[in-house]
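A.B. asks: next one to model:
(2 chains)
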Protein chains: 2
Amino acid sequence: MHRFFLPPSAIQDQSVSFPEETARQIQRVLRLKPGDEVIVLDGLGDQYRVLLDMPAPREVTGQVLAREPASGEPATRLALLVGLTQREKFEWILQKGTEVGVAEFVPFISSRSLVQEPEKAGRKLERWSKIVQEAAEQSGRGRVPPVREPVSYSEALVLAAANDLALAAWEGEQATTLRQAIPAPAPRRAALLIGPEGGLSLEEIEAARRAGWTSVSLGERILRMETAAVVGSALVLYECERVGS
Amino acid sequence: MHRFFLPPSAIQDQSVSFPEETARQIQRVLRLKPGDEVIVLDGLGDQYRVLLDMPAPREVTGQVLAREPASGEPATRLALLVGLTQREKFEWILQKGTEVGVAEFVPFISSRSLVQEPEKAGRKLERWSKIVQEAAEQSGRGRVPPVREPVSYSEALVLAAANDLALAAWEGEQATTLRQAIPAPAPRRAALLIGPEGGLSLEEIEAARRAGWTSVSLGERILRMETAAVVGSALVLYECERVGS
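C.D. replies: The predicted structure is shown next:
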C-alpha cells in the first residue's frame, strides 16, 4: 500500500487533508481513486490507514480507518556520521541508509574529505530531505531520518557524548569487531562514524578515541566508504537487535 | 599495498612476470617503480608479497618475498542468486557484493525481471568479470568471484541442492528471520536468492520452497532489490561467522 509522510497538522481526528503536492502525486502520478486505501504517517511514530476521498478536482482528503504505532523503526536509534563526498555517492548513502534503518545522518568534513565546502553542501539540504523522505516512504519507515547540516570533524566527534555507544569504523583496527564492541543490552542510542574515501588519519582516529569513540573493524575486507556506511549501519542494527534490550 | 590477481602460470617459483596489461597499469597508471612492493594473488587461495623489477621499458617482473594463504575470504562460501536487472544496478550489485564477500554471482530471469534477454546479458560477461576482479583486488579478496551466465528461474532453484543452506529473501515472509534460518555450525556452502524489483510471485516462492529453499525475511523494512542483494549477503556472512564452524 502507498505510504505518505504528512505534517501532523494535516491529520485532524478522523480526517486527513493531503497537501497540494501530495494530492497531485496521488491523482496524477499514482492515479489513485476515491475509495482507495493508503497509509499516512505523521512522522512522530504513528501511522494511519486512510480511505481516500476527492471532493473537488484537485482536492484529496481521507478518512482515518485505523491508527497504530508505525512499524519499521529499529529499537536502537542509529546516527550515521559520514564523510561528505561527491553528490551521487552521498545521495546513494542517504537512500540506502534510510532503507536499512539509519535514524539520523550527520555529514562531516575531515582532512581527507573529497568535498571541503560545507556551505555549498548546506544548500543541498532540501534535496537531501526529499531523498530520505521518499526512501522512508518506500521502505516502510515510521519516521523520516533528518539530514543535518555538514559539521567539522571535531564537531562530529562531540556527538559521542549524545549516544550510549559510539563506534568509528577504521580499516586500521585489528582487534575489535562489531560483535565485541556491542554489548548486551543493546544501546538505545548508537552512533557509527564512517570516514571519507581516503580514510581517517591516525591523528583523526586518535582524536576520536579521546572523544569517546571505539574504533571497530567491519571485517576482513576493505569496503568502499559508501559500502561501509550502508553495510556497517545494517550490521550495527542487526547486532543490536540480536543482543536485544 | 596494491593487489593484482594474475594467472597462476605468471607465478613461477620465486619469480613473477606481469602480463602486458597489468604491466602497463603498474607503470603508467599507478606509476610504481622498481623496488616497490605489491601483493600478487593467484586466485587459487594464495597471495605473494612481490618486489617489483623492470628489466626493460615495458616489462615488469617481480621477485617473491613471501607466500601466504590469501586473507579476505569468508569461511562460508556464499552464492548470490539475483534477478537480472538494468545494467548500472546490476554492476553495482557485482561490485558491492564482491566487497562484502560473495563467492559467486548467478543472475537469473524470473517472471518479473526487468531484463528478459539472457543472450544479451551473456555478452556482458567479460565486462562483469572486469568489475568483480577490480572490486576483489581493491577489497582484499583472496579469490575473484565468478559471474555465471544468466539462468532461468527454474535453473536457479536447482542450485539449492549444491548448497548446505539455501535462503530465498521474500518480503512476504513474516515468520523466519535470518538468525532463525542459519543454524550452528555455519554452513560451508550457502546460497541467497534475491528476486527482481517486482519481487517473486507467490507461485515462484512456492516453487522455491519445493526446491529446498527457505524463505526468509531480511527485516522489518522493505529493501530495494539491489540493497537486499548487498546487505542481505553481508548479513548472511556476518551471521555465519557469528555462529561459527
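
A.B. asks: ramachandran angles for residue A:68?
C.D. replies: phi -150, psi 160 (degrees, to the nearest 10).

A.B. asks: wait, isn't it in contact with residue A:41?
C.D. replies: No. Residue A:68 lies out of contact with residue A:41 (C-beta atoms under 8 Å); the separation is 10.7 Å. For glycine as for every other residue, the C-beta is placed from the backbone atoms N, C-alpha and C.

A.B. asks: what is in contact with the two at once?
C.D. replies: Common neighbours of residue A:68 and residue A:41 (criterion: C-beta atoms under 8 Å, 6 or more residues apart in numbering or on different chains): A:47-48.

A.B. asks: quick one, which of those two is more surrounded?
C.D. replies: Neighbour totals were compared for residue A:68 and residue A:41, and residue A:41 leads with 24 against 10 (other C-beta atoms under 10 Å in any protein chain shown).

A.B. asks: how about the residues of chain A near chain B?
C.D. replies: Within chain A, the positions lying close to chain B (C-beta under 8 Å from any C-beta of the partner chain) are A:71-74, A:96, A:99-101, A:138-141, A:179, A:219-224, A:227, A:230-231, A:234-235, A:238-239, A:242.

A.B. asks: mind checking the end-to-end distance for stretch A:205-218?
C.D. replies: Separation of the first and last residues of stretch A:205-218 by C-alpha to C-alpha, to the nearest Å is 15 Å.

A.B. asks: quick check: buried residues in it?
C.D. replies: A:205, A:207-208, A:211-218 (16 or more other C-beta atoms under 10 Å in any protein chain shown).

A.B. asks: what's the answer for stretch A:42-51, then?
C.D. replies: A:42-43, A:47-50.

A.B. asks: from one end of it to the other, what's the distance?
C.D. replies: Using C-alpha to C-alpha, the two ends of stretch A:42-51 sit 16 Å apart.

A.B. asks: before we move on, the earlier item: drop anything exposed from the residues of chain A next to chain B.
C.D. replies: So, by 16+ other C-beta under 10 Å, the buried ones in these are A:72-74, A:96, A:99-101, A:138-141, A:219, A:221-224, A:227, A:230-231, A:234-235, A:238-239, A:242.

A.B. asks: narrow these to those in helices?
C.D. replies: Counted as lying in helices by DSSP state H, out of these, are A:96, A:99-100, A:138-139, A:227, A:230-231, A:234-235, A:238-239, A:242.

A.B. asks: give me the number of residues near residue A:243?
C.D. replies: 14.

A.B. asks: in what helix or strand does residue A:79 lie?
C.D. replies: strand A:77-83 (DSSP states H and E).

A.B. asks: parallel or antiparallel, list what pairs with that strand.
C.D. replies: Here strand A:77-83 is paired, per DSSP bridges, with strand A:104-109 (parallel), strand A:189-194 (parallel).

A.B. asks: Throw those into a markdown table and include mean pLDDT and mean neighbour count, thanks.
C.D. replies: Converted to a markdown table, these look like this (pLDDT from 0 to 100; neighbours: other C-beta atoms under 10 Å in any protein chain shown):
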| stretch | mean pLDDT | mean neighbour count |
| --- | --- | --- |
| strand A:104-109 | 96 | 22 |
| strand A:189-194 | 98 | 26 |
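
A.B. asks: okay if I get those as TSV plus distance to residue B:145?
C.D. replies: Formatted as TSV, the strands paired with strand A:77-83 follow (distance: least, C-beta to C-beta, whole Å):
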stretch	distance to residue B:145
strand A:104-109	31
strand A:189-194	24
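
A.B. asks: pretty sure residue A:244 contacts residue A:185?
C.D. replies: Yes. In this structure, residue A:244 is within contact of residue A:185 by C-beta under 8 Å, at 6.4 Å.

A.B. asks: would you confirm that residue A:96 contacts residue B:229?
C.D. replies: No. The criterion here is C-beta under 8 Å, and residue A:96 misses it with residue B:229 at 11.5 Å.

A.B. asks: just the element for the closest residue to residue A:176 other than its chain neighbours, please.
C.D. replies: Computed as C-beta to C-beta, 6 or more residues apart in numbering or on different chains, the closest residue to residue A:176 that is not its neighbour in sequence is residue A:216, at 5.1 Å. According to DSSP H and E, residue A:216 maps onto strand A:214-216.

A.B. asks: can you map out the helices along chain A?
C.D. replies: Using DSSP H, helices in chain A cover A:20-24, A:87-100, A:118-122, A:125-139, A:153-158, A:178-181, A:202-210, A:225-243.

A.B. asks: return the most buried member of those helices.
C.D. replies: Ranked by mean neighbour count, the helices of chain A are led by helix A:225-243 with a mean of 25 (mean count of other C-beta atoms under 10 Å in any protein chain shown).

A.B. asks: by mean pLDDT, which helix or strand of chain A comes out lowest?
C.D. replies: helix A:118-122 (a mean of 62; mean pLDDT, DSSP states H and E).

A.B. asks: nearest residue to residue A:27 other than its sequence neighbours?
C.D. replies: Nearest one to residue A:27, counting by C-beta to C-beta, 6+ apart, is residue A:60 at 6.5 Å.

A.B. asks: residue A:18: which of the buried residues of stretch A:205-218 is nearest?
C.D. replies: Closest approach to residue A:18 among the buried residues of stretch A:205-218 (C-beta to C-beta): residue A:218, at 41.7 Å.

A.B. asks: name all residues that make contact with the closest one.
C.D. replies: Residue A:218 neighbours (C-beta under 8 Å, 6+ apart): A:169, A:178, A:228, A:231-232, A:235.

A.B. asks: pick the one among these closest to residue A:88.
C.D. replies: Using C-beta to C-beta, those come closest to residue A:88 at residue A:228, 16.7 Å.
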